[in-house]
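Enquirer: structure for the following, please:
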Amino acid sequence: MIYWDLFLGFLKVGCFTFGGAYSAIPLIRDVVRSYGWLSDEILTYMIAVSESTPGPIIVNLATYVGNSQAGFWGAVLATLAVVLPSFFVILLIMGVLKNTLKNKYVQAILRGLKPCIIGIILATGIYMTLHHCVPMTANTFVDISALCVAVVLITAAFLYKRLRRKKLSPIALIVLSAILGILLY
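Expert: Residues are numbered from 1 along each chain as shown. Predicted structure coming up:
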C-alpha cells in the first residue's frame, strides 16, 4: 500500500508542477503532510539538503521521502513517479506539438504563466523564511540566529548585485549560509 501511495502522491506532484522545483515545494509539502510522511521541520531541512546536493530538488526530495518510507524500492517508485509526467510531456512536445510552440497564442499563455510562477516561488520563500525565523505559535520565540542568517544572505545578494552588476552565485550563497550556520549554531 505504501508503494502505491508513494507512486500516486509523487505522480500528482510531477503532473501538477509547472515552472520548476521551487514552484513544486508547496505541492510537495501538501502531499508529504497529507500522508504524514514527514513533519514540516524535517521537510524544510530536506529542501535545504536537496538544494545543496547535485540534481533537481524535486527528484532529490522524492528519492529521500520514498527511501525514508519504503526503502530502496520506495525511492525508485517515488523518483519514477515524479519524473514520468515530464518525460511524457517532453516526448509529446517534441513529437507532436513542435510547431504549436511557435503559435502566438501559446506563446502568450506561456508568457502569462511566468508572473504566476514567480509569485509562487516568492510566496514559498517568504513562507519558509517567516516560518523558521518568526514562528507563528504562542510559546516560541523569534530565532535570532535564523533571522541573522536570512538578513546576511539577502544583504549579500543585494549588495553583490549592486556593486558587481551581476547576481551572486547560488554556490556562494550556499557556502556563506553553511559558514553562518556553523558560526551561529
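Enquirer: from here on, contacts and neighbour counts on C-alpha atoms
Expert: Will do.
Enquirer: would you mark the buried spots in the particular helix or strand that has Leu110 in it?
Expert: Using DSSP states H and E, Leu110 maps to helix 104-133. Residues of helix 104-133 classed as buried: Ile117, Ile120, Ile121, Thr124, Leu130, Cys133 (neighbour count, 16 or more other CA atoms under 10 Å).
Enquirer: just put those in a markdown table and tack on distance to Phe141 and pLDDT.
Expert: Shown next, in a markdown table, are those (distance: CA to CA, whole Å; pLDDT from 0 to 100):
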| residue | distance to Phe141 | pLDDT |
| --- | --- | --- |
| Ile117 | 32 | 88 |
| Ile120 | 27 | 89 |
| Ile121 | 26 | 87 |
| Thr124 | 22 | 87 |
| Leu130 | 12 | 80 |
| Cys133 | 9 | 77 |
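Enquirer: now the residues you listed in CSV, with distance to Leu80?
Expert: Shown next, in CSV, are the buried residues of helix 104-133 (distance: CA to CA, whole Å):
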residue, distance to Leu80
Ile117, 24
Ile120, 25
Ile121, 24
Thr124, 25
Leu130, 33
Cys133, 34
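Enquirer: ok, those vs Pro26, which is closest?
Expert: Of all those, Pro26 sits closest to Thr124, with 6.9 Å by CA to CA.
Enquirer: distance check, the closest residue to the closest one other than its chain neighbours against Met94.
Expert: Distances taken as CA to CA, 6 or more residues apart in numbering put Pro26 closest to Thr124, at 6.9 Å, once the chain neighbours are dropped. Distance, Pro26 to Met94, by CA to CA, to the nearest Å: 29 Å.
Enquirer: and stretch 24-36, how far out from the chain's middle?
Expert: The gap between where stretch 24-36 is centred and where its chain is centred comes out at 11 Å by CA atoms, centre = their mean, to the nearest Å.
Enquirer: could you do stretch 35-42 as well?
Expert: Computed by CA atoms, centre = their mean, the chain-centroid distance of stretch 35-42 equals 15 Å.
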